[in-house]
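A.B. asks: What follows is a predicted structure for the sequence shown.
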Amino acid sequence: MSNDNKQRVQDFWQDVYVNRNYEAVGKYFAKDGIYEDVPTPGSAAVGPKAVSTRLRMGHEPVESFKHEIARMVADGDTVMTEHTETWCFHTGEVVALPFVSVMELSEGMITLWRDYWDLNTLMNNVPQWWIEHIMQFSTDDFDKG
C-alpha cells in the first residue's frame, strides 16, 4: 500500500509541476479532500474542483517551475515529501521555496494535503504584480465544487 501511495503522489507532482494540468490535479482528490497551506490559515480548499481552482490562481501567472524532491517517505496511507519549488516569473524573479508536504490517501485518493513552508520566503521575493494578483481572490473563489 505504501508504495502505491508513494507512486500516486509522484504522479501528482508530475501533473502539478511538469504538466501543469490543474484539471488532472483535482482528479487526485477525494470528493471531500482538503488542501491546506499551513502558513495561510483559513484558506483550505475542499474537493477536486476547489483544489484545482486554488492551485490555478497562484500557479498560472508563474512562467515555469523547477521541482526537486529531496526525499519522499510513505507509511501506510501517509506520504511525506520534502521538496523545493523554484518559481520563475516572466519578469525575471526566481524564488526557491522549500516545502514539506504531508498527504493522506484513501483508496488511491488524496483526502488531506498540508503544505508547510515559509510565508516570508515567498512574499519577500515574488514580484509585486503577483501579490496583487493573488490578493484579488478569497476563499469564495475556490468554494467547494
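C.D. replies: Alright, I've got the coordinates.

A.B. asks: Look up phi and psi at residue 56.
C.D. replies: phi -60, psi -40 (degrees, to the nearest 10).

A.B. asks: tell me the pLDDT at the closest residue to it other than its chain neighbours?
C.D. replies: Spatial nearest neighbour of residue 56, excluding adjacent residues (Cβ to Cβ, 6 or more residues apart in numbering): residue 22 at 4.6 Å. To be clear about C-beta, it is placed using only N, CA and C from the backbone, and glycine gets the same treatment. Listed pLDDT for residue 22 reads 90.

A.B. asks: can you check residue 143 too?
C.D. replies: On the pLDDT scale, residue 143 gets 65.

A.B. asks: just to revisit the earlier point, OK, contacts around the residue nearest to residue 56?
C.D. replies: 52-53, 55-56, 59-60 (Cβ atoms under 8 Å, 6 or more residues apart in numbering).

A.B. asks: mind checking how far it is from residue 59?
C.D. replies: 7 Å (Cβ to Cβ, to the nearest Å).

A.B. asks: next one: residue 86
C.D. replies: For residue 86, the distance to residue 59 - Cβ to Cβ - is 13 Å.

A.B. asks: shared neighbours, the two?
C.D. replies: Residues touching both residue 86 and residue 59 (Cβ under 8 Å, 6+ apart) are residue 65.

A.B. asks: count of residues packed around the residue nearest to residue 88 when sequence neighbours are not counted?
C.D. replies: Take residue 88 and drop its neighbours on the chain: the residue closest to it by Cβ to Cβ, 6+ apart is residue 64, 4.6 Å away. Residues contacting residue 64 under the criterion other Cβ atoms under 10 Å number 12.
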